[in-house]
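Peer 1: For reference, the sequence and a predicted model appear below.
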Amino acid sequence: MRYHLFLVAALLIISVSSCNQTTSNTPVNRDTVIIQVKKEYLSAPLVSNIYTADPSAHVFNGRIYIYPSHDTATGAKEDNLGGHFDMRDYHILSMDSIGGVVTDHGVALDIKNVSWASRQMWAPDAAFSNGKYYLYFPVKNKQGIFQIGVAVSNRPEGPFTAEPSPISNSYSIDPCIFKDDDGKFYMYFGGIWGGQLQHWNNNTYDSSAKNRNASEIAILPRIAKLNPNMKSLGEEVKEIKIVDKEGKLFTEKDNDKRFFEAAWMFKFKGKYYFTYSTGDTHYLCYATGNNPYGPFTYQGVLLKPVDGWTNHHSIIEFKKKWYLFYHDVQLSGKTHLRNVKVVEMKINEDGSIQTLHSYK
């Protein structure tokens, strides 16, 4: 737990008086009192045997499965592009109920078993189709460019076997796989800065491309429908528009609302909810639309900033309640050694979501 120390100066003024007489130059004693104020977290880490982050949660066969990143202290140099987030494998977690015992199923996929990968296995996601489970993961290829791979298993906890090549025409990070009511699957993805999305314009890589200036339109997340084989994209990658209530796109200076990374899609009462992280301002936000491609209109904040630099989340419905999975750094206090958590999320009758704070 973290503590704030507040110094309260207590002034003890001693007055000495007698009948109609007041003593001047009364001595003043100043005693410094230390008060410890405990910061109480909203929820507890799901596991403490390993460091975990970026939890993508799903309900398979009536059980909750969580597909997180696996943070490790590899000694990689820290930089603004996340070079110290040097993850090398994935562990799958599962539990029968919220608050129940969490099982760590061990290594589900190791980077050494991905022939085309070089380093940094970042935030994954998973899906079930065709009687198989599919793990989607971003990792840098041999040229240091992020692409998205897919691995297959007969079980939700793995182990998973990676395809020999990344998904053709995929790029950047943070894949989110969404199954619509008609059975079609879509992949949402992208992340700026370390996630390299700023280098991709019209689906073409430009190593010289820079981050947007404050007055420029913010970089947009991406979407593509998956083919029925779940291993390839069924269409050209498209941009997703996130707009304000007047229908205007956000500029880069609107960094408390614009997209940075961590796309997650869910549906409620026929509406599509596109949720995401603002990155450098540390908010989890949501926007709504009428179809999976958007445009999505910004609605508000899901979760206020947590301890640590990043946040990355997922949202599921389980036993008629909604839950938000996220991470912070309660266990380590270090930005690259995180821990996943879960908290109930309240959706109002009008479809708005009640903002959560990271502390009680």
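Peer 2: Cool, got the structure.

Peer 1: Okay, and the residue nearest the centre of the chain sits in which element?
Peer 2: Centroid-nearest residue in the chain: His312, 0.5 Å away (criterion: C-alpha atoms, centre = their mean). Here His312 is covered by no helix or strand, with elements defined by DSSP states H and E.

Peer 1: which residues touch Gly144?
Peer 2: Residues near Gly144 by C-beta atoms under 8 Å, 6 or more residues apart in numbering: Ser118. For the C-beta atoms, the positions are set from N, CA and C on the backbone; glycine is no exception.

Peer 1: Would you check that Ser94 makes contact with Val102?
Peer 2: Yes - Ser94 is in contact with Val102 according to C-beta atoms under 8 Å; the separation is 7.3 Å.

Peer 1: what residue ranges in this protein score low on pLDDT?
Peer 2: 1-38 (pLDDT under 70).

Peer 1: excluding its backbone neighbours, what's nearest Leu356?
Peer 2: Leu303 (4.7 Å; C-beta to C-beta, 6 or more residues apart in numbering).

Peer 1: Verify the contact between the residue nearest to the centre of the chain and Ala123 for me.
Peer 2: Yes - with contact defined as C-beta under 8 Å, His312 reaches Ala123; the gap is 5.6 Å.

Peer 1: tell me, what's touching the two both at once?
Peer 2: Ala53, Asp54, Asp174, Ala262.

Peer 1: roughly how far apart are Val59 and Ile316?
Peer 2: 6 Å (C-beta to C-beta, to the nearest Å).

Peer 1: now do Ala44
Peer 2: When Ala44 is compared with Ile316 (using C-beta to C-beta), they lie 18 Å apart.

Peer 1: Please identify which of the two sits among more neighbours.
Peer 2: Higher neighbour count among Ala44 and Ile316: Ile316, with 21 against 13, using other C-beta atoms under 10 Å.

Peer 1: so what's the more buried one bridging to?
Peer 2: Tyr323 (DSSP bridges).

Peer 1: my guess is it contacts Ala57, does it?
Peer 2: Yes - using C-beta under 8 Å, Ile316 is in contact with Ala57, at 4.9 Å.

Peer 1: intersection of neighbour lists for these two?
Peer 2: Applying C-beta under 8 Å, 6+ apart, one finds that Ile316 and Ala57 are jointly contacted by Ile64, Tyr323, Phe325.

Peer 1: just to confirm, which helix or strand has the last one in it?
Peer 2: Following DSSP H and E, one finds Phe325 within strand 321-328.

Peer 1: Tabulate the CA atom coordinates of that strand in PDB.
Peer 2: The C-alpha trace of strand 321-328 is given here as PDB (Å, rounded to 0.1, in the frame of the first residue of the first chain):
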ATOM      1  CA  LYS A 321     -23.300  -8.100 -14.400                       C
ATOM      2  CA  TRP A 322     -20.600  -6.100 -16.200                       C
ATOM      3  CA  TYR A 323     -17.000  -6.200 -15.300                       C
ATOM      4  CA  LEU A 324     -14.000  -4.000 -16.100                       C
ATOM      5  CA  PHE A 325     -10.600  -5.700 -16.200                       C
ATOM      6  CA  TYR A 326      -7.600  -3.400 -16.000                       C
ATOM      7  CA  HIS A 327      -4.100  -3.100 -14.500                       C
ATOM      8  CA  ASP A 328      -2.000  -0.900 -12.200                       C
END
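
Peer 1: Quick one: list the elements packing against that strand.
Peer 2: Identification of packing neighbours for strand 321-328 by 3 or more C-beta pairs under 8 Å, 6 or more residues apart in numbering; DSSP states H and E yields strand 51-60, strand 296-303, strand 314-318, strand 339-345.

Peer 1: I'd like to know how many residues surround Ala73.
Peer 2: Neighbours of Ala73 using other C-beta under 10 Å come to 12.

Peer 1: Apologies, that question was intended for Trp322.
Peer 2: Trp322: 15 neighbours (other C-beta under 10 Å).

Peer 1: now Thr297
Peer 2: Neighbours of Thr297 (other C-beta under 10 Å): 18.

Peer 1: Surely it and Ala287 touch.
Peer 2: Yes - the criterion here is C-beta under 8 Å, and Thr297 meets it with Ala287 at 5.6 Å.

Peer 1: what residues are shared contacts of these two?
Peer 2: If you check Thr297 and Ala287 against C-beta under 8 Å, 6+ apart, the residues they both contact are Ile242, Val243.

Peer 1: Which residue ranges of the stretch 1-150 of the chain form strands?
Peer 2: Assigned by DSSP state E, counting those that start in this stretch, the strands in the stretch 1-150 of the chain fall at 3-13, 17-18, 21-22, 28-38, 51-60, 63-71, 89-95, 103-110, 117-119, 125-129, 132-141, 146-153.
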